[in-house]
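Asker: A structural model of the following input is requested.
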Amino acid sequence: MRILYLDCGMGAAGDMLAAALLELLPDPEAFLQEVNDLGLPGVRITREKAVKCGITGTHVSVTVDGEEEESLDHVYGHSHEHDHDHSHGHNHQHNHGHDHEHSHHHRRMGDITHLVRDHLRVPEPVKEDILAVYDLIAQAESHAHGVPVTDIHFHEVGTLDAVADIAMVCLLMRRLAPDEVAASPVRLGTGQVRCAHGILPVPAPATAHILQGVPVYGGDIRGELCTPTGAALLRHFAARFCQMPPMRTEAIGYGCGRKDFEAANCVRAFWGETDEMEDTVAELSCNVDDMTAEEIGFAVEQLFAGGALDVYTAPIGMKKSRPGTLIRVLCREREKEAIYALLFRHTSTLGVREAALRRRTLDRSVETLETPYGPIRKKAASGFGTAREKYEYEDLAALARTRDISLREAAALLDGGGREVPG
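Answerer: You can find the predicted model right below:
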């Protein structure tokens, strides 16, 4: 099973997580070119080498209209040793000074939704991830300040550079596509932090709210090590918080912040394989009795596109003896909020049930074979004393269509036991 393990021994922020994940890609520059074409006005993202306590890693820099925003420490002459500013995903403390025009953009949730849905050129599942992360922050800020979510003004996290950080992490998670994301207990830091609302204790109220139920600790470093943005990204994507599980590591990414401490200021991302074949998935289900077959079919397509592991329907009898349909979805914890949104958007249900299920799976891998008929993917699965393999359906079907043969004949052709048919 492919696993991504995040070491948050120095907390987490959006840019640090993005930099750590970026180091896991074989061609990070190609990915940066992609994110620079997302459609965020005036935003430019670059990477640079960083060294922390002798460890070499990557720092991600985001500029808006060619400028990095100044931190509140600089603008207000605040002298505490803060690592991050409150409500911001940037270790280098991009906050709202009032020197640059773009710093005044304190957005509400509706503005973020409009920006993401109508202007960000990313796949729909990535948009759902971005908005789910923002919803976690909005709910936390609403709880902290005692105002409705609709009235929450995103200060630091509403700026375009913060949107870029969150979008990068969500895109990278989809690109890597781990079977599971796990994270260490999160170090929060101690002391105080200056934010748009004033001076707050560490952890900031929003961070503390988001990480309820997650193992955390303060440590002895003064400053905000985990921002609300970092906390929300961890909460959305990590299925569990634990010590590093047994795994065969294939790559390690180091995402560095700008501040220097006695400990290396970075997030580490471990990428590899694990023999652990048991995990927890969410089961979401609802009953509908007023949708057409076409509408249900479309909803199923959207749920799969949104990251569902499995979707199935079954005929049921409902109240007043009405025939209806049960729609049941299995998904990983990190996709759960996005699946909730898709169920409410694409079905007529007024409520969705949730259950946690433990499952055991075979260890899976995909190999691309170079054949006389072009590259063909073959999927393999093993474990529990069994092993099996099969060709990827789409590749096999494409070969069958090209040769005007059946799927079985196409598989036999690839195995060397079939009869060649002119294409």
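Asker: Partner strands of the helix or strand A355 falls within, with direction?
Answerer: According to DSSP states H and E, A355 maps onto strand 353-360. Here strand 353-360 is paired, per DSSP bridges, with strand 278-288 (antiparallel).
Asker: Following the chain onward from the partner strand, which element is next?
Answerer: helix 293-305.
Asker: what's the angle between that following helix and strand 278-288?
Answerer: 160 degrees (axes from the mean of the first three to the mean of the last three CA atoms, to 10 degrees).
Asker: Could I get the buried residue list for the helix or strand following helix 293-305?
Answerer: Sequence order places strand 310-317 as the next helix or strand after helix 293-305, per DSSP H and E. Buried residues in strand 310-317, counted by 16 or more other CB atoms under 10 Å: V311. For the C-beta atoms, the positions are set from N, CA and C on the backbone; glycine is no exception.
Asker: for the protein, what helix or strand is lowest in average pLDDT?
Answerer: helix 72-76 (a mean of 28; mean pLDDT, DSSP states H and E).
Asker: related to what we said a few turns ago, please export the C-alpha coordinates of the strand holding A355 as CSV.
Answerer: This file holds the C-alpha atoms of strand 353-360, laid out as CSV (Å, rounded to 0.1, in the frame of the first residue of the first chain):
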residue,chain,number,x,y,z
ARG,A,353,-25.7,8.7,7.1
GLU,A,354,-22.1,8.0,8.1
ALA,A,355,-20.3,4.9,9.4
ALA,A,356,-16.6,4.0,9.9
LEU,A,357,-15.6,0.7,8.5
ARG,A,358,-12.3,-1.2,8.8
ARG,A,359,-11.2,-3.0,5.6
ARG,A,360,-8.4,-5.3,4.6
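Asker: Quick check, central residue of this structure?
Answerer: C170 (3.8 Å; CA atoms, centre = their mean).
Asker: Please report how far that one lies from G146.
Answerer: 29 Å (CB to CB, to the nearest Å).
Asker: now A183
Answerer: Distance from A183 to G146, by CB to CB: 30 Å.
Asker: isn't P123 right up against R175?
Answerer: No: the pair P123 and R175 fails to qualify as a contact (CB atoms under 8 Å) at a distance of 10.5 Å.
Asker: Quick check: buried residues in the lengthiest helix in the chain?
Answerer: Counting by DSSP state H, the longest helix found in the chain is helix 124-145. By neighbour count on 16+ other CB under 10 Å, the buried set for helix 124-145 is 125-144.
Asker: Please apply the same query to stretch 112-127.
Answerer: Under the neighbour-count criterion of 16+ other CB under 10 Å, stretch 112-127 has 112-113, 115-116, 120, 122, 125-127 buried.
Asker: Give me the residues contacting it.
Answerer: Under the contact criterion CB atoms under 8 Å, 6 or more residues apart in numbering, stretch 112-127 has outside partners 37-40, 107, 130-131, 134, 154, 158, 163, 167, 170-171, 174, 302, 305-307, 335, 338.
Asker: for stretch 348-367, same thing?
Answerer: Identification of contacts with stretch 348-367 by CB under 8 Å, 6+ apart yields 1, 179, 273, 275, 277-288, 290-291, 327, 330, 336, 340, 343-344, 377-384, 386, 388, 392.
Asker: Quick one, which of the residues you listed are buried?
Answerer: Buried members of the contacts of stretch 348-367, scored by 16+ other CB under 10 Å, are 1, 179, 277, 279, 281-288, 291, 327, 330, 336, 340, 343, 378, 392.
Asker: Now the next helix or strand after the strand holding A355: average pLDDT?
Answerer: Using DSSP H and E, the helix or strand that follows strand 353-360 in sequence is strand 363-371. The average pLDDT within strand 363-371 is 85.
Asker: strand partners of strand 363-371, parallel vs antiparallel please.
Answerer: When pairing is defined by DSSP bridges, strand 363-371 lines up against strand 374-383 (antiparallel).
Asker: which element is the residue nearest to K49 when sequence neighbours are not counted on?
Answerer: In space, and not counting its chain neighbours, K49 is closest to T56: 6.5 Å by CB to CB, 6 or more residues apart in numbering. Using DSSP H and E, T56 sits in strand 55-64.
Asker: in the stretch 251-400 of the chain, which ranges drop under the pLDDT threshold?
Answerer: 275-278 (pLDDT under 70).
Asker: can you give me the strands in the stretch 1-150 of the chain?
Answerer: 2-7, 43-52, 55-64, 107-108 (DSSP state E, counting those that start in this stretch).
Asker: quick one: contacts for S285?
Answerer: So S285 contacts 326-329, 352-353, 355 (CB under 8 Å, 6+ apart).
Asker: ok, what's across the strand from it?
Answerer: R328, R353.
Asker: And it, how close does it get to K319?
Answerer: 17 Å.
Asker: What of A400?
Answerer: 46 Å.
Asker: ok, the two, which is more surrounded?
Answerer: It is A400, of A400 and K319, that has more neighbours when counted by other CB atoms under 10 Å, with 18 against 8.
Asker: quick one: secondary structure of that one?
Answerer: helix (DSSP: H, G, I helix; E, B strand; the rest coil).
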